[in-house]
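Peer 1: Got a sequence here, can you build the structure:
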Amino acid sequence: MNKTMIRGSSSSDSSRALSNGSSVLFRAAKHTVDTYITSGMVVGLGSGQASAMAIEYMGRQLRAGALKDVIGIPTSVASANEAAVAGIPLDQYRDTSQIDFAFDDADIIEEGTLVAVIGRQQPKGDESIIQEKSVLNAADKLVFMVSENQYKGVLDGSVPVLVQPVNWMETAEEIDDLFIGDAEVFSIPYNRL
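Peer 2: Residues are numbered from 1 along each chain as shown. Purely as a prediction, here's the structure:
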């Protein structure tokens, strides 16, 4: 999989109706759709503010006829709802899904390596970090859209670790041992993963 990061910068543009942070993310979202999505693609639809903007813009491009026959695979309930409102035809993710391209927001991206951390925010409602990761991993190409402050020289803060529910406590103890007791280990009910 090819991974790319689109980093918004705060130069001025014609999107003055949006706040500065939103206009930066809107430019990243628009650039992502205009540069990477072509007619006939199956596209993984990410979650978050920039992804919502990309979904809305992609829907406008479909309605205008600039894009045709694009199918969206949502990473969350929120992105499915946003796509439905935008008029993007949807399909469900399956282990055999062939996804040409996906975009998503990231909590932080490490400069140089482009290692991205997602999942720091607690899932809301029926959202699933496992569904999000599955869609992103299945994509042939992947773009993360982030603002300038999310692009760091070194990863800092917490890093979520997904563990299947079977024997999760044993895995949690191994993680805790790796960090000599400094790991914060907790369980989220399986239906929220």
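Peer 1: Need the residue closest to the centroid of this structure.
Peer 2: For the chain, the residue nearest the mean C-alpha position is residue 104 (2.3 Å; CA atoms, centre = their mean).
Peer 1: Do a quick rundown of the strands in the protein.
Peer 2: 2-8, 42-45, 71-74, 99-105, 108-110, 116-117, 139-147, 151-152 (DSSP state E).
Peer 1: helices or strands up against the last one?
Peer 2: Spelled out, it's strand 151-152. Judged by 3 or more CB pairs under 8 Å, 6 or more residues apart in numbering; DSSP states H and E, strand 151-152 is in contact with strand 108-110. All C-beta atoms are positioned from the backbone trio N, CA, C, and that covers glycine.
Peer 1: Map the structural domains onto the sequence of this protein.
Peer 2: Here the domain assignment for the chain is 2-155, 163-192, based on the TED database.
Peer 1: Which of the ones you listed has the highest mean neighbour count?
Peer 2: Greatest average neighbour count among these goes to domain 2-155 (a mean of 18), per mean count of other CB atoms under 10 Å.
Peer 1: Least confident secondary structure element in this structure?
Peer 2: Lowest by mean pLDDT, DSSP states H and E among the helices and strands of the chain is strand 2-8, with a mean of 56.
Peer 1: how many other residues sit next to the residue lying closest to residue 133 once chain neighbours are set aside?
Peer 2: Spatial nearest neighbour of residue 133, excluding adjacent residues (CB to CB, 6 or more residues apart in numbering): residue 162 at 6.8 Å. The number of residues packed near residue 162 is 10, by other CB atoms under 10 Å.
Peer 1: quick one: contacts for residue 162?
Peer 2: Listed by CB atoms under 8 Å, 6 or more residues apart in numbering, the contact set of residue 162 reads 119, 129-130, 133, 193.
Peer 1: circling back: mean pLDDT lowest for which of the domains of the chain?
Peer 2: Among those, domain 163-192 carries the lowest mean pLDDT, a mean of 67.
Peer 1: Would you enumerate the residues in contact with residue 76?
Peer 2: Residue 76 touches 47, 127-128, 131-132, counting by CB under 8 Å, 6+ apart.
Peer 1: So residue 74 sits against residue 88, correct?
Peer 2: No. Taking contacts as CB atoms under 8 Å, residue 74 lies outside contact range of residue 88: 9.1 Å.
Peer 1: what do those two both touch?
Peer 2: residue 45.
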